[in-house]
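Chemist: I would like to see how this sequence folds:
(one chain, ligands or ions: 2)
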Amino acid sequence: MDKDFTLDLTDEAATLALGNHLAGIMAPNLTIYLHGDLGAGKTTLVRGLLHGLGFVGRVKSPTYTIVEPYEITRGGDPPLNLYHFDLYRFNDEDEWESAGFRDYFNARSVCLIEWPEKAAHILPVPDIDIQLALSGSGRRVTISPHTAHAKKCLQKFNANLFKVTQ
Ligand SMILES: Nc1ncnc2c1ncn2[C@@H]1O[C@H](COP(=O)(O)OP(=O)(O)OP(=O)(O)O)[C@@H](O)[C@H]1O
Ligand SMILES: [Mg+2]
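Modeler: Numbering: from 1, shown residues only. Ligands and ions are numbered 1, 2, ... in the order given. Okay, here's the model as predicted:
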């Protein structure tokens, strides 16, 4: 998949399954923006992704903490640092520097960012945009890879597992 693609997620289980599938094709050095209104399913997708990476604890929404860090150990690979941001309540740009958030974006990390619009001009540009929207009782998701690295990762995406919307 090197172009944008859209899938229908009929229920919460489908969002978790998408996260789980994305976990299998995830590589370090990715910045992923998660767009969508309140309740669109952004945190649910991250929860599926973390569980797909083998994380067994509770995945908390970082609405109040801004970021929740995870260290994922995968076989013989070096640990993967995954940072789950929720910038809905972010309003202090100085905090971005003082808290060292900039350093979280590095060659060993995957950063998933809910509400990137709230810090648009200080965030690194995304490798992938994921847009979630309500669609009937379910959700519709559009995945847009921008960089060569993201397109290479998403080549392994198996759209046959999901209902593809034209
Ligand atoms: N495909 C789906 N169909 C129906 N409901 C879904 C789907 N995916 C997730 N949900 C439900 O949507 C609700 C809100 O999900 P979630 O907390 O992930 O949203 P969010 O986008 O992170 O919201 P916020 O911006 O408030 O953080 C949850 O109750 C979840 O079960
Ligand atoms: Mg959320």
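Chemist: tell me the centre residue of this protein?
Modeler: The chain has Leu112 as the residue nearest its centroid, 3.8 Å off, counting by CA atoms, centre = their mean.
Chemist: mind checking which helix or strand that residue is in?
Modeler: According to DSSP states H and E, Leu112 maps onto strand 109-114.
Chemist: could you list the low-pLDDT ranges of this protein?
Modeler: In the prediction, the chain carries residues with pLDDT under 70 at positions 166.
Chemist: how about the helices in it?
Modeler: In the chain, the helices defined using DSSP state H lie at 12-24, 42-52, 93-98, 148-154.
Chemist: for His35, name its beta-bridge partners.
Modeler: When assigned by DSSP bridges, His35 has beta-bridge partners Gln131.
Chemist: what number of residues are in the vicinity of it?
Modeler: A count of nearby residues for His35, using other CB atoms under 10 Å, gives 20. In this view, the C-beta of every residue, glycine as well, is placed from N, C-alpha and C.
Chemist: what does the protein have sitting close to ligand 2?
Modeler: Proximity of the chain to ligand 2 (CB under 5 Å from the ion) is limited to residues 42-43, 61.
Chemist: circling back: the strand holding Leu112 pairs with which strands, and in what direction?
Modeler: When pairs are called by DSSP bridges, strand 109-114 turns out to pair with strand 30-35 (parallel), strand 80-86 (parallel).
Chemist: which residues touch whichever residue of the chain sits closest to ligand 2?
Modeler: Ligand 2 sits closest to Thr43 of the chain, with a gap of 3.3 Å, by CB to the ion. Neighbour list for Thr43: 59, 61, 86, 114 [criterion: CB atoms under 8 Å, 6 or more residues apart in numbering].
Chemist: distance of the second one from Leu38?
Modeler: Okay, so that is Ser61. Distance check for Ser61 against Leu38: by CB to CB, to the nearest Å, it reads 11 Å.
Chemist: what's the answer for Leu132, then?
Modeler: The spacing between Leu132 and Leu38, counted by CB to CB, is 11 Å.
Chemist: what do you get for Val56?
Modeler: Distance from Val56 to Leu38, counting by CB to CB: 27 Å.
Chemist: Pro79 reaches Ile72, doesn't it?
Modeler: Yes: assessed by CB atoms under 8 Å, Pro79 is found in contact with Ile72 at 6.3 Å.
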